[in-house]
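Participant: give me a model of this one.
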Amino acid sequence: MPATRPQTTTVPSTAAVPGATEPTGGFQGWPAEAFAFYVGLEADNSKTYWSEHRATFEQAVRAPLVAFAAAVEAEFGPMHLFRPHRDVRFSKDKSPYKTQLGAVTEGERGEIYYLHVSAEGIVAGSGAYHMATDQLSRHRAAIDDDGDGDELARIVGQLEALGYGIAASDELRSAPRGFRRDHPRIRLLRLKGLVAMRSFPPAAWMGTPGARDRIVEIWRGCEPLNRWLAAHVGPSEAPPEGADAW
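Facilitator: Predicted coordinates:
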C-alpha cells in the first residue's frame, strides 16, 4: 500500500494504459502467468522486459483486475487502479515499474478496501491506511482510553488469530508525543493508521471466479475494525491539501 494518495485511474476505464483492452466476459481470476510476469519483472525491471511482456501484463494481470473491479462495484463502489509505472523523480530507487498492481476503493464511512497482485500472490485488506492529522489525534485518544482502546486491542487480536496482519502508512519508532513508552497499547499508538490485511501465495483458487468471493470475504472480515474506526475516528474534518489554492 502507498503511504500517500496514489495516482490512480477509475476502472473499468482503459485510459491509464495506452493500447489496453477490456476483458471479455466476467471475472475469471488471475492465471499463473500473472504471478510469473512479476517474478520476471523483479529480476529485470527494465523497459525492454516491460515491452516484451506487455501483452502478458494486459491480459493476465490488468484485465482480470478490471473485471474484478466490475464484479464488486455494486457493493463496494468503483475501484481505482494504481499506475504500473513508478514516480522516480524523488526516489533513490530508479526502477521504472512497480512490482505489483493494486486497486483501492473507499466505503461510505471512509474506510478503504485494497487489493494487489504481485509475484508473492495476492494481498487484500481494509481499514484506514493513512490518517489526516485530525483523524490521527482522535485515533490515538481512543486508543489511550481504557474502554475504547481495549476494545480495539481485542478486535486486532481476533483478526490476527484469523490470519490477518495489521499495518499503516507509517509507524513511529517510539511513543507519540504525550504518550508513555510503556503504554499497554503502544504498538497501536505508534501506527499512523490501521488496516488489517491477509496475504496469500500464488494458488489454484486465484485462477477461478471464486477468487472474488475469497477477497470479498477478507474485506468483510475487517468489519469490526471498520465499525470501530467509524465510531471513534471518522472522516477528516480538515480541508483537503491545497484547498486554499482554489
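
Participant: so which helix or strand of this structure has the lowest pLDDT on average?
Facilitator: strand 8-10 (a mean of 52; mean pLDDT, DSSP states H and E).

Participant: next SSE after it?
Facilitator: On the C-terminal side of strand 8-10, the nearest following helix or strand under DSSP states H and E is helix 32-43.

Participant: list the buried residues of the very next helix or strand once past that following helix.
Facilitator: Next along the chain after helix 32-43, taking DSSP H and E as the criterion, comes helix 47-52. Burial within helix 47-52, assessed by neighbour count using 16 or more other C-beta atoms under 10 Å, is assigned to residue 50. From N, CA and C alone the C-beta is placed, and that goes for glycine too.

Participant: neighbours of the residue nearest to residue 50 when sequence neighbours are not counted, how many?
Facilitator: Residue nearest to residue 50 in three dimensions, not counting chain neighbours: residue 97, with 5.7 Å by C-beta to C-beta, 6 or more residues apart in numbering. Residue 97 is flanked by 19 other residues according to other C-beta atoms under 10 Å.

Participant: surely residue 97 is in contact with residue 41?
Facilitator: Yes: here residue 97 lies in contact with residue 41, judged by C-beta atoms under 8 Å, at a distance of 6.0 Å.

Participant: got the CA coordinates for stretch 88-96 in CSV?
Facilitator: Taking only C-alpha atoms (Å, rounded to 0.1, in the frame of the first residue of the first chain), the coordinates of stretch 88-96 have been written out as CSV:
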residue,chain,number,x,y,z
VAL,A,88,11.1,8.1,-9.7
ARG,A,89,11.7,11.9,-9.6
PHE,A,90,12.3,12.0,-5.8
SER,A,91,13.2,8.4,-5.2
LYS,A,92,16.6,6.8,-4.8
ASP,A,93,15.2,3.7,-6.4
LYS,A,94,15.1,4.5,-10.1
SER,A,95,13.5,1.2,-11.2
PRO,A,96,10.7,2.3,-13.6
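
Participant: list the buried residues in it.
Facilitator: Of the residues in stretch 88-96, none is buried (16+ other C-beta under 10 Å).

Participant: distance from the chain centre to that stretch, please.
Facilitator: Centroid separation for stretch 88-96 versus its chain: 21 Å, with C-alpha atoms, centre = their mean, to the nearest Å.

Participant: can you list contacts of it?
Facilitator: Applying C-beta atoms under 8 Å, 6 or more residues apart in numbering, the set of residues contacting stretch 88-96 from outside is 45-47, 50, 85-86.

Participant: which strands and helices sit next to the helix ranked longest in the chain?
Facilitator: When the chain is scanned for its longest helix (criterion: DSSP state H), the result is helix 146-161. The contact analysis (3 or more C-beta pairs under 8 Å, 6 or more residues apart in numbering; DSSP states H and E) places helix 146-161 against helix 133-144, strand 165-167, helix 186-190, strand 194-200, helix 223-232.

Participant: so which bits of it are buried?
Facilitator: Using 16+ other C-beta under 10 Å as the test for burial, helix 146-161 gives 149, 151-152, 155-156, 159.

Participant: kindly report the same for stretch 95-106.
Facilitator: Buried residues in stretch 95-106 (16+ other C-beta under 10 Å): 97-105.

Participant: what about those, which are in strands?
Facilitator: In strands, judged by DSSP state E, the following of the buried residues of stretch 95-106 are found: 100-105.
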